[in-house]
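1. only geometry, no sequence info:
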């Protein structure tokens with residue numbers, strides 16, 4: 001009799017474990033956020049694809065032109081670029097709201113804030129090393145060199161040691177037009 005309670009407890013434990021295993025094989029109802037995530041990650045969907053309104057990488061983007069080819073030259077010269085923010089720990093200021101740059105196919109560039117152009121110059125890019133060199137027309141402005149990390153409609157510039165801007169990093173997002181002030 002003394003062992004019957006022990007056997008009964010052991011038997012009930014085994015039955016409970018068996019039920020837990022059976023329940024583990026039955027898929028649980030996904031929560032709304034899980035269902036949304038799973039649906040968004042499907043490779044083929046019955047829904048038409050909609051662009052992500054937040055942009056693909058580092059900031060808000062809008063419908064944009066497609067670069068002519070997969071070169072960095074085409075990537076840079078398609079549409080214009082808005083500086084979105086400096087990277088934490090970088091010497092590049094986060095107060096860059098409204099700053100933009102346009103790379104022209106003749107290797108000239110213009111930069112500015114809001115509707116005003118503030119600088120211009122020439123640029124060159126090394127496709128192999130993904131290095132961008134900016135030479136301002138104004139001799140009072142410093143040249144700069146950047147290593148590029150590009151992805152779809154955004155990029156990150158990391159300064160190099162050549163001109164002493166190696167502690168600077170900044171995010172840029174592709175845009176159709178200059179940023180507008182919201183007073």
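-> Perfect, I can see it now. Remember, it's a predicted structure, so these values are computed and weren't measured experimentally.
2. which stretches of this protein form strands?
-> Along the chain, the stretches classed as strands by DSSP state E are 80-86, 99-103, 108-113, 116-126, 131-136, 144-151, 154-159, 169-175.
3. could those strands go into JSON lines alongside distance to residue 71?
-> Glycine gets a C-beta too; all of them are placed from N, C-alpha and C. Below are the strands of the chain laid out as JSON lines (distance: least, C-beta to C-beta, whole Å):
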{"stretch": "strand 80-86", "distance to residue 71": "16"}
{"stretch": "strand 99-103", "distance to residue 71": "12"}
{"stretch": "strand 108-113", "distance to residue 71": "17"}
{"stretch": "strand 116-126", "distance to residue 71": "9"}
{"stretch": "strand 131-136", "distance to residue 71": "13"}
{"stretch": "strand 144-151", "distance to residue 71": "11"}
{"stretch": "strand 154-159", "distance to residue 71": "14"}
{"stretch": "strand 169-175", "distance to residue 71": "15"}
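4. Name the stretch among the ones you listed that sits most buried.
-> Greatest average neighbour count among the strands of the chain goes to strand 169-175 (a mean of 22), per mean count of other C-beta atoms under 10 Å.
5. sorry, back to before: of all the strands of the chain, which one is nearest residue 73?
-> In terms of C-beta to C-beta, the element of the strands of the chain nearest to residue 73 is strand 116-126, at 6.2 Å.
6. List the strands paired with the closest one, with their directions.
-> Strand 116-126 has the following sheet partners, assigned by DSSP bridges: strand 108-113 (antiparallel), strand 131-136 (antiparallel).
7. if we can go back for a sec, can you put the strands of the chain in JSON lines and add mean pLDDT and distance to residue 182?
-> Formatted as JSON lines, those follow (pLDDT from 0 to 100; distance: least, C-beta to C-beta, whole Å):
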{"stretch": "strand 80-86", "mean pLDDT": "90", "distance to residue 182": "14"}
{"stretch": "strand 99-103", "mean pLDDT": "95", "distance to residue 182": "15"}
{"stretch": "strand 108-113", "mean pLDDT": "96", "distance to residue 182": "14"}
{"stretch": "strand 116-126", "mean pLDDT": "96", "distance to residue 182": "17"}
{"stretch": "strand 131-136", "mean pLDDT": "97", "distance to residue 182": "29"}
{"stretch": "strand 144-151", "mean pLDDT": "94", "distance to residue 182": "27"}
{"stretch": "strand 154-159", "mean pLDDT": "93", "distance to residue 182": "21"}
{"stretch": "strand 169-175", "mean pLDDT": "91", "distance to residue 182": "15"}
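8. Noted, bye for now.
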